[in-house]
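Q: Predicted model and sequence follow; I will ask about them next.
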Amino acid sequence: MATNLREIQMRIEEAAQELGRIANEKGLVCVTAESCTAGGVSFVITQIAGSSGWFDRGFATYTNDAKHDLLGVREETLKAYGAVSEQTACEMASGALAACPKANCAVSVTGIAGPGGAVPGKPVGTVCFGFAVRVENAAAPLVQTTTEHFEGDRRAVRMQSILRALQGLIESAESFMR
């Protein structure tokens, strides 16, 4: 993904507008669970006029305690896989939906924005995402996870993460059947 910040910012704004259009069209209500983006996805969403009709809340869960306390991420998951893992991203997205009964679409973001924090196998720029959709009559939400590796400084990694989170929400929203 390009690290031209001006281009990324334009794409973020376009993606947020598109998400709003699709969410309104399909009757979706979104929720976010963010770690390395620290509320950046929520901020961008709420820049869209009328977002209160399709965005309920955002969780900025920067620490493991916050992930556990607010989203129900299991301590066993954090110990076994770490905060930056698809397993944690899955539990964050599911936990956000569980904490927000109105919502039917969620995104979670957890990663290493840098400049420090890298560990073996997880370099700076590693970001895991969870995309959850509440399905009628299903016992649990459907959750898809993915891991991306972004380049650039802390700001570039965070902005690319925000864009990818919005793109994943759009994909989830487009597949949502009312």
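A: Okay, I see it.
Q: Could you tell me whether residue 148 really is in a helix?
A: No. Judged by DSSP: H, G, I helix; E, B strand; the rest coil, residue 148 forms no part of a helix; its state is strand.
Q: what number of residues lie near it?
A: 17 (other CB atoms under 10 Å). (C-beta placed from N, C-alpha, C; glycine too.)
Q: who's residue 142 bridged to?
A: According to DSSP bridges, the residues that bridge with residue 142 are residue 133.
Q: and residue 170, which of the three is it?
A: Once three-state DSSP is applied, residue 170 turns out helix.
Q: For it, which non-adjacent residue is closest in space?
A: Closest residue to residue 170 apart from its sequence neighbours, by CB to CB, 6 or more residues apart in numbering: residue 19 at 5.3 Å.
Q: any idea which element the one you found lies in?
A: Using DSSP states H and E, residue 19 sits within helix 5-26.
Q: who does the helix or strand that that helix is followed by pair up with?
A: Proceeding N to C from helix 5-26, the next assigned helix or strand is strand 30-34, under DSSP H and E. Strands that pair with strand 30-34, judged by DSSP bridges, come out as strand 55-60 (parallel), strand 105-111 (parallel).
Q: Tell me which of these is the most buried.
A: strand 105-111 (a mean of 30; mean count of other CB atoms under 10 Å).
Q: what angle do that strand and helix 5-26 make?
A: 150 degrees (axes from the mean of the first three to the mean of the last three CA atoms, to 10 degrees).
Q: can I have strand 105-111 written out in PDB, keeping just the CAs?
A: In PDB, the C-alpha atoms belonging to strand 105-111 read as follows (Å, rounded to 0.1, in the frame of the first residue of the first chain):
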ATOM      1  CA  CYS A 105     -21.100  -4.800  12.000                       C
ATOM      2  CA  ALA A 106     -17.800  -4.300  13.800                       C
ATOM      3  CA  VAL A 107     -14.100  -3.800  13.100                       C
ATOM      4  CA  SER A 108     -11.200  -4.300  15.400                       C
ATOM      5  CA  VAL A 109      -7.600  -3.100  14.900                       C
ATOM      6  CA  THR A 110      -4.600  -4.200  16.900                       C
ATOM      7  CA  GLY A 111      -1.000  -3.700  15.800                       C
END
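Q: for it, what is the average pLDDT?
A: Averaged over strand 105-111, pLDDT sits at 98.
Q: again, but for stretch 45-55
A: 97.
Q: Next, the residues that contact it from outside, please.
A: 13, 16-17, 19-20, 23-24, 28-32, 42, 58, 166 (CB atoms under 8 Å, 6 or more residues apart in numbering).
Q: how about 7 Å then?
A: Stretch 45-55 is contacted from outside by 16-17, 20, 23-24, 28-30, using CB atoms under 7 Å, 6 or more residues apart in numbering.
Q: Can you list the low-confidence ranges for the protein?
A: 1-3, 176-178 (pLDDT under 70).
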